[in-house]
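Q: Requesting a structural model of the entry that follows:
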Amino acid sequence: MSGDTPRQDDNRALIVLLSVIFLNIAGFGLVIPLLPFFGKALDAPAWQIAILFSAYSFGQFLGEPFWGRMSDRVGRRPVLMITIAGGALSYVALAFAPTIWLAFTARFVGGFLSGNISTLQGALADITRPEERAGKMGLMGSAFSLGFMIGPAIGGLLAHPELGPLGFQIPLFAAAGFGLASAAAVAIFVRESRPEPKTGARVPQIEALREAFAHPVIARVMIISFITVSGFAGIEATYGLWTEQRFGWGPRQIGFAFMAIGVLGAYCQAILTGRLVRRHGEPRVLTAGLVAMWIGMGFQFFSPTWHVAMIGFAFVCFGQSICFPCLTALISQATPPDRQGEFLGLNMSNMALARIGGPIYAGQLFSLVNPGAAFVVTAILIMPATALALQIMRRTLRAA
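A: Sure thing, here's the model as predicted:
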């Protein structure tokens, strides 16, 4: 062990972090497709089911900047151990929630404790050279996709909606098991990677937010993240209800659909994103990803059959897969090494805020306008996001 080079240590750390991400997201992905049916088992209407998604996002909104700054201060490893284990226990609490209101509470606490994505991103950025970050963030995205591929399929197989709320306890226990396994992996295998913090007082959070929105790249990235994630979160919250009404789908069909799309996402993020970025650069790949997402929304809204809807879903998955690693890489490249967790945490909090509003308005659109109205709204939101991506591209070309 003592003879290992820094590069070998970094490669080992990369493998462990990707494994932790996979286990953690598999547990998260296992629950997401089941939530609409879990809510219905508690006799919740569509708007309350949407709030189940928003409660988690509200917790993440508060948790991401807190845990991001904490990871810069005390280290990535202890923050990951606390948040992953706490998130796992929140699934157990959700499994025993007798009412929708206690389910809201469990989801909020789970969201706060699971506000650790920026910490994982920071740990990955710590061991990666700036020019390699988009590719490595793509690998991280691939681990996410594999988790979403495996998790929903397991959740669909383990769920028994005919038993009411009890029929969802086994998949929730499985999600908790994935989380506890992730926490154990961090405790045993992950070494501290945080750069030595600079001396002096920390920048107040409101000042850090002003810095972010004064930066020509970070500000645009955060706006793109917000308006695209809010639209996508609305679709995510109502997708199970939409497919049930449109195609008669249940938890198993949803789980296998997510699994199939996860294969595509894993390939795009593990192999395709890095190659595209090396050839075309982050701004161009980001723009292409947004256009693909826009096309996918149209396919899904106008789909006459589930086959066409899955083509649209694939376009959205492809766009997301090449888009979001670029957003993260652009922020990390524009951020000092000792403030990676802080600025990545701000963006993750920004995205969590988007996930609060998205499900709420999507639930209202589903009930009052049209079950597929969220697809139209998301397509509209992506257009100004694409314009901002083009501005980043032009700015990058001028600076080159």
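Q: mind checking how far the nearest residue to residue 51 once chain neighbours are set aside is from residue 159?
A: Closest residue to residue 51 apart from its sequence neighbours, by C-beta to C-beta, 6 or more residues apart in numbering: residue 104 at 6.4 Å. The way it works is simple: take the backbone N, C-alpha and C, and place the C-beta from them, glycine included. Noted for residue 104: a distance of 20 Å to residue 159, by C-beta to C-beta, to the nearest Å.
Q: Could you check which of these two is surrounded by more residues?
A: Per other C-beta atoms under 10 Å, whichever of residue 104 and residue 159 has more neighbours is residue 159, with 27 against 20.
Q: What number of residues are in the vicinity of residue 96?
A: That count, for residue 96 with other C-beta under 10 Å as the rule, works out to 12.
Q: Next, the contact list for it, please.
A: Residues counted as contacts of residue 96 (C-beta atoms under 8 Å, 6 or more residues apart in numbering) are residue 169.
Q: Next up, phi/psi of it, please.
A: The phi/psi pair for residue 96 (degrees, to the nearest 10) reads phi -100, psi 10.
Q: From residue 69, how far off is it?
A: Here the criterion is C-beta to C-beta. By it, residue 96 lies 32 Å from residue 69.
Q: Could you list the buried residues of the helix or strand containing residue 246?
A: Assigned by DSSP states H and E, residue 246 falls within helix 218-247. Residues 218, 220-222, 224-244, 246 are the ones in helix 218-247 that count as buried (16 or more other C-beta atoms under 10 Å).
Q: From the rest of the structure, what touches stretch 351-360?
A: Stretch 351-360 is contacted by residues 47, 50-51, 53-54, 56-61, 63-64, 111, 115, 225-227, 229-234, 236-238 when judged by C-beta under 8 Å, 6+ apart.
Q: how close does residue 28 get to residue 103?
A: 16 Å.
Q: Neighbour count: the two, which is higher?
A: More neighbours surround residue 103 than the other of residue 28 and residue 103, with 26 against 21 (other C-beta under 10 Å).
Q: Give me the helices and strands touching the helix or strand in which the more buried one is found, please.
A: Using DSSP H and E, residue 103 sits in helix 100-113. Contact analysis of helix 100-113 by 3 or more C-beta pairs under 8 Å, 6 or more residues apart in numbering; DSSP states H and E lists helix 35-41, helix 46-74, helix 76-95 as its packing neighbours.
Q: can I have the shortest one written out in PDB, keeping just the CAs?
A: When you say that, I think you mean helix 35-41. Only the C-alpha atoms of helix 35-41 are listed here, as PDB (Å, rounded to 0.1, in the frame of the first residue of the first chain):
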ATOM      1  CA  LEU A  35     -44.100   6.800  -4.800                       C
ATOM      2  CA  PRO A  36     -47.200   7.600  -6.900                       C
ATOM      3  CA  PHE A  37     -48.600   4.100  -6.000                       C
ATOM      4  CA  PHE A  38     -47.500   4.400  -2.400                       C
ATOM      5  CA  GLY A  39     -49.300   7.700  -2.100                       C
ATOM      6  CA  LYS A  40     -52.500   6.200  -3.700                       C
ATOM      7  CA  ALA A  41     -52.300   3.300  -1.100                       C
END
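Q: Number of residues surrounding the residue nearest to residue 84 when sequence neighbours are not counted?
A: In space, and not counting its chain neighbours, residue 84 is closest to residue 183: 4.3 Å by C-beta to C-beta, 6+ apart. Residue 183 is flanked by 22 other residues according to other C-beta under 10 Å.
Q: Just name whatever secondary elements the helix or strand hosting residue 183 is in contact with.
A: Applying DSSP H and E as the criterion places residue 183 in helix 169-189. If you count contacts as 3+ C-beta pairs under 8 Å, 6+ apart, helix 169-189 packs onto helix 6-31, helix 76-95, helix 133-158.
Q: Show me the contact partners of the helix or strand following that helix.
A: Under the assignment DSSP H and E, the closest C-terminal helix or strand after helix 169-189 is helix 205-214. When contacts are defined by C-beta under 8 Å, 6+ apart, helix 205-214 is touched by residues 65, 69, 203, 218-219, 222, 339, 342-343, 346-347.
Q: go with 7 Å
A: With C-beta atoms under 7 Å, 6 or more residues apart in numbering as the test, helix 205-214 has contacts from 65, 218-219, 222, 342-343, 346.
Q: Return the closest of the residues you listed with respect to residue 299.
A: residue 222 (28.1 Å; C-beta to C-beta).
Q: Does the closest one touch residue 347 like I think?
A: Yes - counting by C-beta atoms under 7 Å, residue 222 touches residue 347, with 5.5 Å between them.
Q: Report how many residues lie close to residue 81.
A: That count, for residue 81 with other C-beta under 10 Å as the rule, works out to 18.
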